[in-house]
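A.B. asks: curious how this folds, go ahead:
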Amino acid sequence: MGASSSIPTDPNQRVQVIAAGYGRTGTVSTALALERLLKGPVLHGGSQLLVRDDKYCKLWLDAYKAKDAGDKKKTLKLVKEATAGFVATADVPPVDFIPELMELYPEAKVVLVRRDPEKWWKSVVALTSKATPWWLDVAMAPIPGWRYIPAFMRRFSKSFLGLAGVSDDKASPAELIERGGPFLLVAHNRRVRSVVPKRQLLEMELREGWKPLCQFLGVRVPKDPFPRANDAKAVDEHAARIFTRVLQVWVGIFSTTAVVVYTGWWLWRNKQQSLIRAWKSLKTMDVRKAFGNVWKSIRLIDLRKSFGRVWNFFKPANIKKSLGAVPKAVWPESKKPVVEHSTGYSSIWLE
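C.D. replies: Numbering: from 1, shown residues only. I've put the predicted structure just below:
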C-alpha cells in the first residue's frame, strides 16, 4: 500500500507486466517504475482499495470467493474485469491471482522482486499489527470502499497461511502473526516460479535500479533516478489520512444522532407537559355539573309540544283549511286585473 493510485481511462488496454512480489517487497517503488516505463496506469492493489468505490472492492472479494469455490470461469471473468484498462499490476490482491493473470494475459512479463525473508517478515508483522486494530470493522463500516478493508485483511491472512499449506476459512491477521514467518515469502516466490515460464520471468532486487528492468522490458533507461518509495512512511501517511477520515465520519454520525435524540426528547417532553396540563384542566372542571346544565337546557325546551304544533299543521284537515285561504281573482270592468287576498288581513290591492 501507499502508491498514488492510477485510474484507467482506456478499458481496451491490456496488462503487459505483472509485478509478482508479495506485499512489503517494494511494491510501491515497482509500481511507480512500471508506470514511468509503460506510460500507463498501474494497478497497485493496496492503493486501489483505498480510493475506489464499494463496487470495485467487492469485485475482488467476489473473485476470491469464486476461486475458493473452484469456479474458474467466474474467477477469470472477475479478475479480467478488475484489471481492465491497466498496463501492469502489483501488490495484493493481484499477486494472489497470478495463475489467472497468466491465463488472461499469456504474453505478459512477470517481475519478481526479492527481499531478505527475515526483514520482510518483520515488516509484515509491523504493518499487520498497525493496520488491524480490534475496532477496525466497526470504524470502517459506514465508509464506502473502506468498509471492505477488514474483510480484505482477513482474506490476505488466509492467502498467506495458504502458502504454508494451512487452510483456515476463519484466518485472522492475529493468527497470521502467530503462525506465519519468513518462510511464507520463500513459499510465495517458489509458487511464482512454478507457474511462470522462465523466458517471461525477471527476478531482481530494487537496489539494482533501472537496468535489469529496462533490459527485460526492452525500453530505454530513464535519466530519472529509480523510484525509492518508503513503504513504511507511505503506510503511515495513509493510516493518518484514514484515521482522520474515520474520525470525521463518526463525529458527523454522533453529532447527527445527538441532534435527533435531543429533538425527539424535546418533543416528547413538551408533549408530556401538554398532556399534564390538559389533565389538570379537566380535573378542575365539574364535568357532571357541566353536562347536567346542558341536559337542563335541553329539558327547558318542550320538544313534544313544539313537534306537536308542527304535526297539527300538517294534518290533512288543517292542510285543507289552509288551502282554502288562497287568493280570489276579481275583474273590475274599469280596472286592470287585481288580486284580492282574503286571508283575514286588510285587503291589499296590487295594480
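
A.B. asks: could you pull out the strands for this protein?
C.D. replies: 17-19, 42-44, 88-90, 109-113, 201-204, 328-330, 338-340 (DSSP state E).

A.B. asks: can you add mean pLDDT, mean neighbour count and distance to Leu163 and give the ones you listed back as TSV?
C.D. replies: All C-beta atoms are positioned from the backbone trio N, CA, C, and that covers glycine. Formatted as TSV, these follow (pLDDT from 0 to 100; neighbours: other CB atoms under 10 Å; distance: least, CB to CB, whole Å):
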stretch	mean pLDDT	mean neighbour count	distance to Leu163
strand 17-19	98	27	18
strand 42-44	95	29	21
strand 88-90	97	30	18
strand 109-113	98	22	14
strand 201-204	98	17	18
strand 328-330	40	10	125
strand 338-340	41	13	122
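
A.B. asks: which intervals of the stretch 1-150 of the chain have sub-threshold pLDDT?
C.D. replies: 1-5, 130-137, 144-145 (pLDDT under 70).

A.B. asks: mind pulling up the pLDDT for the nearest residue to Cys214 once chain neighbours are set aside?
C.D. replies: The shortest distance from Cys214 to any non-neighbouring residue, by CB to CB, 6 or more residues apart in numbering, is to Val221 (4.7 Å). As predicted, Val221 sits at a pLDDT of 97.

A.B. asks: could you measure from Val221 over to Arg154?
C.D. replies: 41 Å (CB to CB, to the nearest Å).

A.B. asks: who has more neighbours, these two?
C.D. replies: Arg154 (19 against 13; other CB atoms under 10 Å).

A.B. asks: ok, and the closest non-adjacent residue to the more buried one?
C.D. replies: Closest residue to Arg154 apart from its sequence neighbours, by CB to CB, 6+ apart: Ser172 at 5.9 Å.

A.B. asks: just the pLDDT for that neighbour.
C.D. replies: 73.

A.B. asks: same thing with Gln200?
C.D. replies: We have a pLDDT of 98 for Gln200.

A.B. asks: cool, and the one 10 residues further on?
C.D. replies: Predicted confidence (pLDDT) at Trp210: the value is 98.

A.B. asks: wouldn't it be in contact with Arg220 here?
C.D. replies: No. If you go by CB atoms under 8 Å, Trp210 and Arg220 don't touch, sitting 9.3 Å apart.

A.B. asks: settle it for me: which of the two has more neighbours?
C.D. replies: Per other CB under 10 Å, whichever of Trp210 and Arg220 has more neighbours is Trp210, with 19 against 9.

A.B. asks: contact partners for the residue nearest to that one when sequence neighbours are not counted?
C.D. replies: Nearest residue to Trp210, sequence neighbours excluded (CB to CB, 6+ apart): Val221, at 4.7 Å. Val221 is in contact with 210-211, 214, counting by CB atoms under 8 Å, 6 or more residues apart in numbering.

A.B. asks: for stretch 91-103, C-alpha coordinates in PDB please.
C.D. replies: What follows is stretch 91-103, C-alpha atoms only, in PDB (Å, rounded to 0.1, in the frame of the first residue of the first chain):
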ATOM      1  CA  ASP A  91       0.700  -5.900  -4.700                       C
ATOM      2  CA  VAL A  92      -2.400  -7.800  -3.300                       C
ATOM      3  CA  PRO A  93      -5.000  -8.700  -4.400                       C
ATOM      4  CA  PRO A  94      -3.400  -9.300  -7.900                       C
ATOM      5  CA  VAL A  95      -0.500 -11.400  -6.600                       C
ATOM      6  CA  ASP A  96      -3.000 -13.900  -5.300                       C
ATOM      7  CA  PHE A  97      -4.200 -14.400  -8.800                       C
ATOM      8  CA  ILE A  98      -1.000 -14.900 -10.800                       C
ATOM      9  CA  PRO A  99      -2.100 -18.200 -12.500                       C
ATOM     10  CA  GLU A 100      -5.400 -16.500 -13.600                       C
ATOM     11  CA  LEU A 101      -3.500 -13.400 -14.800                       C
ATOM     12  CA  MET A 102      -1.100 -15.500 -16.800                       C
ATOM     13  CA  GLU A 103      -4.100 -17.200 -18.400                       C
END
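
A.B. asks: I'm done for today, thanks for sticking with me.
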